[in-house]
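Novice: Show me the folded form of this:
(2 chains)
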Amino acid sequence: MKSLLISLLLLGAGLASGCTLQPVQPWQRGVLAQSEMAWDVDPLMATQRRQMQVSKEAASGGPTLGGGGCGCN
Amino acid sequence: MKKSKALAALTQAALVLPGLATAAEIQTDYLFSHYQERDIRGSNLGGGSAERYEIQSHLFRVVSPYRDNTVGLNLTYESMSGASPWFIQPGADGKPMQVMSGASIREERVDIEGSLSRALLGGVAAVSLGYSTEDDYQAINGGVEFEIEQLETPITWSGGIGFSHDTLEPVQKTGITRIDEDNKNSVTLYGGAAIIIDAATVAQISVGYQHHDGFLTDPYKQAWFTNLANALPESRPDGRQAWTVSGKLRHHLGSPNAAVHVDYRFYRDDWEIESHTLELAWHQVLPQQWRLSPSLRWYSQSQAFFYAPYYNDFRADGFASSDYRLSPYGALSARVDVLKSIGALSLGGGVEYYEASDSYALKNVDVENPGLVEFLNFTVRLSYRF
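Specialist: Sure thing, here's the model as predicted:
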């Protein structure tokens, strides 16, 4: 639980620092829009890999809801 | 001004979550994967077949604009065969030996999921509904996700809530005690913020919560009791709560024209499993529309409070499981993906090697589970935009 609290503190600090950043104007965001900068560069491949990991590891979750079904063994 | 709006729209598209992607054109995707686990080592095998699982998957996806909405349809078909870890028996010197099922397991899974997303209240909202079926397992899942960009700040907020209702009907085998049918329910929540740090760097931090209740035991696995000199069906608590904290960083390097990805996740649940996952990826853009993406992933978990390779006596709470997925271990995986675009067509593929071992765990492991997995996964990708 201590690790979780430390992580939440880091999360708060990160958000606080985000609020003081200089805004990047829309016309300066061309690089951020490139496909290799996406959270999941290939969403379909990411879905398949998540399914593999969920069926082999105890931990799961993150900023996604995941799918249904087991497919485990 | 027109150019600025187009760039803003593109940036928004880059920031949205996969489930929330809005489409301006019809995109079709296909993925084939061949997953092959390495046979269990002879020195770890206590009985049954050494041949482990092999899975072939076909994933199809269509995303299309429809009026002011974007609709998506995902279809997955998987065929699985091979032997699965059954229980662990002490060897002559007390060393845990994995007893496998026979190699006769053969099953298929079909999963269909639909989604609808649209711009709403200055952001993007999406709903999804899916159904997955196997011989012995059915699941209905759904969710609602949203994302809101605050134009006056560099922050984009996102969140979601999802549910899953799963029904288990294990295949019965003469002489082995198994439940006839049972259910489990899951609720998943997450919330996060993406922050544009500068024109080449964006980060995301998020927290997640999962609540599972019902039959969370694996009906095919057993645990060995030395006091009985016999194995009994495993038993897990009928509730589980888990929390995650995740961070993602994307940074573009202009000179090599590449993007660096760093992903970290901390996980903890009330079965006392704590886990760390760190993933590093390099996406190199090459001339003539090629992209090469090598990556490394490290994973480590501690054990569930009721886990043991085998038991000398019954626990007071009655729980018992020797499943390697609840054991303490670490895993390393390396993968390489390649993509080539030719106009509206994209072709690609990848290979991943994954090895679980006690030596990759963050903390010292007393006894390694003999059923830890090692696999190779090959993928082929095809996309076309109309």
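Novice: what's B:Tyr77 in contact with, if anything?
Specialist: Counting by C-beta atoms under 8 Å, 6 or more residues apart in numbering or on different chains, B:Tyr77 makes contact with B:57-58, B:108-110. For every residue, glycine as well, the C-beta is placed using N, CA and C.
Novice: Just the ones in strands from those, please.
Specialist: Among the contacts of B:Tyr77, the residues falling in strands (DSSP state E) are B:57-58, B:108-110.
Novice: Now restrict the residues you listed to buried residues only.
Specialist: B:57, B:109 (16 or more other C-beta atoms under 10 Å in any protein chain shown).
Novice: ok, which of the ones in strands among the contacts of B:Tyr77 also contact chain A?
Specialist: B:57, B:109 (C-beta under 8 Å from any C-beta of the partner chain).
Novice: quick one: which of the ones in strands among the contacts of B:Tyr77 is nearest chain A?
Specialist: B:Arg109 (5.2 Å; C-beta to the nearest C-beta).
Novice: and that closest one, bridged to which residues?
Specialist: With DSSP bridges as the criterion, B:Arg109 is bridged to B:Glu78.
Novice: who touches B:Ala320 in this structure?
Specialist: B:223, B:225, B:232, B:234-235, B:306, B:308, B:311, B:314.
Novice: most neighbours, which of these?
Specialist: Per-residue neighbour counts (other C-beta atoms under 10 Å in any protein chain shown) across these peak at B:Ala223, which has 24 neighbours.
Novice: Next one, pLDDT for that residue please.
Specialist: Looking at B:Ala223, its pLDDT reads 97.
Novice: For the one helix or strand B:Ala125 maps to, enumerate the helices and strands it packs against.
Specialist: Using DSSP states H and E, B:Ala125 falls within strand B:123-134. In terms of contacts (3 or more C-beta pairs under 8 Å, 6 or more residues apart in numbering or on different chains; DSSP states H and E), strand B:123-134 is packed against strand B:105-120, strand B:137-149.
Novice: quick one: the last one to strand B:123-134, angle?
Specialist: It stands for strand B:137-149. Using axes from the mean of the first three to the mean of the last three C-alpha atoms, to 10 degrees, one finds that strand B:137-149 and strand B:123-134 are set 170 degrees apart in direction.
Novice: same deal with the first one?
Specialist: Per the same axes, to 10 degrees, the angle that strand B:105-120 makes with strand B:123-134 is 160 degrees.
Novice: Next, count neighbours for residue 65.
Specialist: I went with chain A, as the question did not name one. If we define neighbours as other C-beta under 10 Å, then A:Leu65 has 26 of them.
Novice: you looked at the wrong chain, it should be chain B
Specialist: By the measure other C-beta under 10 Å, the count of residues near B:Pro65 is 14.
Novice: Would you agree B:Val71 is in contact with B:Gly114?
Specialist: Yes - B:Val71 lies in contact with B:Gly114 (C-beta atoms under 8 Å); the separation is 7.3 Å.
Novice: B:Phe314 is in contact with B:Ala223, isn't it?
Specialist: No - in this structure B:Phe314 lies outside contact range of B:Ala223 using C-beta under 8 Å: 10.0 Å.
Novice: any idea which helix or strand comes after the lowest-mean-pLDDT helix or strand in chain A?
Specialist: Least confident element among the helices and strands of chain A, by mean pLDDT, DSSP states H and E: helix A:2-19 (a mean of 52). Counting by DSSP H and E, the next helix or strand C-terminal to helix A:2-19 is helix A:43-56.
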